[in-house]
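Asks: What follows is a protein structure lacking sequence information:
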């Protein structure tokens with residue numbers, strides 16, 4: 001699940017970025033309202049954590065514009081703000097916010113509210129993804145093949161989840177870098193290939209058939225491929 005945090009206060013923004021990533025989410029951070037609105041349109045997040053008091057565009061303006069964007073009407077939004085007046089909460093909810101959390105807040109409560117909104121928000125991806133004999137329990141973050149549990153790090157799970165939910169689609173290294181690591185591909189060309197090798201060593205090397213495939217010069221794809229038929233013209 002991809003979360004966009006729009007927060008201008010440096011310590012709060014960095015804290016949310018780190019904490020939500022450690023909780024298993026893919027997180028982007030915008031430091032002002034204008035950038036946040038642009039990222040909401042270009043990255044299609046599953047949920048937005050939005051501060052009210054923002055530079056350039058405040059949270060009210062961002063939410064109002066977001067609800068008019070294509071695809072922006074259904075994105076869950078949690079207002080996270082120091083403003084605790086009743087009229088502020090009412091205004092946010094009337095503009096289309098789904099929840100309202102006042103600073104200072106307990107991080108565990110924020111995560112619980114995020115998970116609640118993602119569970120009920122439309123549309124939601126399948127809780128379990130199956131490709132061949134591989135099963136991914138998205139909510140419990142568990143992976144197995146042929147009934148055997150496979151232990152993955154948070155980044156390995158994020159990489160596999162991206163490949164699996166877009167199974168059959170060739171994903172370039174730049175797409176993987178931005179979606180899983182939130183980095184520019186050119187900044188480290190070895191990160192993706194090394195991560196794929198580690199994931200294959202756990203997911204593919206001990207099992208048949210292989211599920212993660214390389215398309216040279218294009219990227220990687222996760223899919224179950226039909227066995228190659230033997231050459232009928234070969235000598236007996």
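Replies: Now that the structure is in, tell me what you want to look at. As the structure is a computational prediction, the values presented were derived from the model and not from experiment.
Asks: Buried residues of the one helix or strand in the chain whose mean pLDDT sits lowest, list them for me.
Replies: In the chain, no helix or strand scores lower on mean pLDDT, DSSP states H and E than helix 86-95, which sits at a mean of 77. For helix 86-95, the neighbour count (16 or more other Cβ atoms under 10 Å) marks 88-89, 91-92, 95 as buried. In this view, the C-beta of every residue, glycine as well, is placed from N, C-alpha and C.
Asks: care to break this structure down by domain?
Replies: 2-118, 125-222 (the TED database).
Asks: List the buried residues of stretch 191-208.
Replies: Within stretch 191-208, the residues that count as buried by 16+ other Cβ under 10 Å are 191-192, 195-196, 199-200, 202-204, 207.
Asks: Can I get the residues you listed in JSON lines including distance to residue 216, secondary structure and pLDDT?
Replies: Shown next, in JSON lines, are the buried residues of stretch 191-208 (distance: Cβ to Cβ, whole Å; DSSP: H, G, I helix; E, B strand; the rest coil; pLDDT from 0 to 100):
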{"residue": "191", "distance to residue 216": "18", "secondary structure": "helix", "pLDDT": "81"}
{"residue": "192", "distance to residue 216": "14", "secondary structure": "helix", "pLDDT": "86"}
{"residue": "195", "distance to residue 216": "18", "secondary structure": "helix", "pLDDT": "91"}
{"residue": "196", "distance to residue 216": "13", "secondary structure": "helix", "pLDDT": "94"}
{"residue": "199", "distance to residue 216": "18", "secondary structure": "helix", "pLDDT": "96"}
{"residue": "200", "distance to residue 216": "16", "secondary structure": "helix", "pLDDT": "95"}
{"residue": "202", "distance to residue 216": "23", "secondary structure": "helix", "pLDDT": "96"}
{"residue": "203", "distance to residue 216": "20", "secondary structure": "helix", "pLDDT": "95"}
{"residue": "204", "distance to residue 216": "17", "secondary structure": "coil", "pLDDT": "95"}
{"residue": "207", "distance to residue 216": "23", "secondary structure": "coil", "pLDDT": "95"}
